[in-house]
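I need the structure of the sequence given here:
(one chain, ligands or ions: 1)
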Amino acid sequence: MLCPVELIDRPVKFWRNIHGMNVVVCVKQIPDPADPGALDPETRTLKREVKLILDESDSYGVEMALQLVDAAGEGEVSLVSMAPNDERSGLATALAMGASSATLISDPCLVGSDSLTTAKLLSAAIAARNPDLVIAGSESSDGYTGTVPEQIAAVLGFPSVTAAKSITVNGEGIEVERQTDAGYDDVTCPMPCVVSVTAGVVEPRYPSFKGIMAAKSKPVDIKTAADLGFEPGSVGWAGAGQEIVDVAESPQREAGEIVEDDGEAYNRIVSFLEEHKVI
Ligand SMILES: Cc1cc2nc3c(=O)[nH]c(=O)nc-3n(C[C@H](O)[C@H](O)[C@H](O)COP(=O)(O)OP(=O)(O)OC[C@H]3O[C@@H](n4cnc5c(N)ncnc54)[C@H](O)[C@@H]3O)c2cc1C
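Numbers count the residues shown, from 1 in each chain. Alright, predicted model coming up:
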């Protein structure tokens, strides 16, 4: 059985899969952003008893993975997710898009897990799938620490590339167009590796009726913390190395300044943009 210490101290050996690309996509299941519910006043975390959906940020990763396996001609896309209450509605969407199976980590002792614990648990589930490539979103829509993919790479001892706008497999490695403020960098990386993809770079497919029906019989393997080699005291609130000390409403947007054009208004606009370092 894998345990988190073994994962850190002794990088697991991975072999390139001979049966095409084996891509694992991390998908977070989140409360619907249109009706996110409330914060728990004691823990200051989002209440997650509601039905969860596939985070839109991760639908891009699922689509990219499906396109890569299509291009390779052989292989499979599988999913890993950590969510409370055996929740699998979001997984069902990704399975209906075309992923073939999933691992769902769900256990009451995981409530309160911080991002590093989340990454360690996801890594244990990912390692068991022996991937060539791990894809994640750059940041989730609810927590958006933007740290989990790089923490997974560190735990697994894999190289990682962030902010990918495209991925191409080239022999034993990948070529990535990595988004920057000025455009993009061309980056090459050996496999196995972890890539976080930028939202909006591909058009996620809509699940077809056939896909939705097929998803109902695709395997979802449920794992507890103990199944993955974690003691209850090392996860959840008990194992969190971070604490949420305060949560505050974001300030209301202030009304903008209206500049009446007297023929010289452009000067005011230019100095406004300079003040805000836009130009
Ligand atoms: C003390 C503390 C307690 C917390 N308690 C809870 C809690 O009870 N419940 C809770 O949900 N959050 C809790 N959180 C928040 C929790 O740290 C993060 O939501 C979670 O670990 C992932 O971080 P993120 O959403 O910021 O991920 P990001 O790093 O922004 O996510 C980037 C990508 O990583 C992948 N990813 C992230 N999380 C998951 C996941 N769970 N499953 C699969 N893929 C994933 C996805 O591909 C995602 O697009 C707590 C945080 C702290 C500090």
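
what residues are up against the spatially closest residue to Asp58 that is not a sequence neighbour?
Nearest non-adjacent residue to Asp58, counting by CB to CB, 6 or more residues apart in numbering: Val27, 4.3 Å away. Quick note: C-beta positions are derived from backbone N, CA and C, even for glycine. Counting by CB atoms under 8 Å, 6 or more residues apart in numbering, Val27 touches 54-55, 58, 61-62, 79-81, 90-91, 94.

Take those residues and write them to a markdown table, including pLDDT, neighbour count and secondary structure.
Output for the contacts of Val27, formatted as a markdown table (pLDDT from 0 to 100; neighbours: other CB atoms under 10 Å; DSSP: H, G, I helix; E, B strand; the rest coil):
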| residue | pLDDT | neighbour count | secondary structure |
| --- | --- | --- | --- |
| Leu54 | 97 | 24 | strand |
| Asp55 | 97 | 26 | coil |
| Asp58 | 98 | 28 | helix |
| Gly61 | 98 | 31 | helix |
| Val62 | 98 | 28 | helix |
| Leu79 | 98 | 30 | strand |
| Val80 | 98 | 27 | strand |
| Ser81 | 98 | 26 | strand |
| Gly90 | 97 | 24 | helix |
| Leu91 | 98 | 25 | helix |
| Ala94 | 98 | 30 | helix |
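
Can you report how many residues lie near the residue in the stretch 151-279 of the chain that the ligand sits nearest to?
Residue of the stretch 151-279 of the chain nearest the ligand, by CB to the nearest ligand atom: Gln242 (3.6 Å). Per other CB atoms under 10 Å, the neighbour tally for Gln242 reads 11.

thought it was touching Thr117?
No. Contact criterion CB atoms under 8 Å: Gln242 and Thr117 do not qualify, at 9.4 Å.

Next one, pLDDT for the residue of the stretch 151-279 of the chain closest to the ligand please.
With respect to pLDDT, Gln242 scores 86.

how much space between it and Gly233?
17 Å (CB to CB, to the nearest Å).

ditto for Lys47
Counting by CB to CB - Lys47 and Gly233 are separated by 24 Å.

Check Arg44 too.
22 Å.

Compare these two (neighbour count), which wins?
Arg44 (12 against 9).

Read off the pLDDT value for the more buried one.
pLDDT, read off for Arg44, is 87.

pretty sure it contacts Asp246?
Yes. Counting by CB under 8 Å, Arg44 touches Asp246, with 7.4 Å between them.

which residues touch stretch 142-149?
When contacts are defined by CB under 8 Å, 6+ apart, stretch 142-149 is touched by residues 26, 28, 30-31, 33, 36, 46, 55, 115-116, 118-119, 122, 134, 136-140, 160, 162, 194-196.

Of those, which are in range of the ligand?
26, 28, 55, 115, 118, 122, 136-137, 139-140 (CB under 6 Å from any ligand atom).

just the strands in the stretch 151-279 of the chain please.
Here the stretch 151-279 of the chain has its strands, by DSSP state E, counting those that start in this stretch, at 160-170, 173-180, 183-190, 193-197, 220-223.
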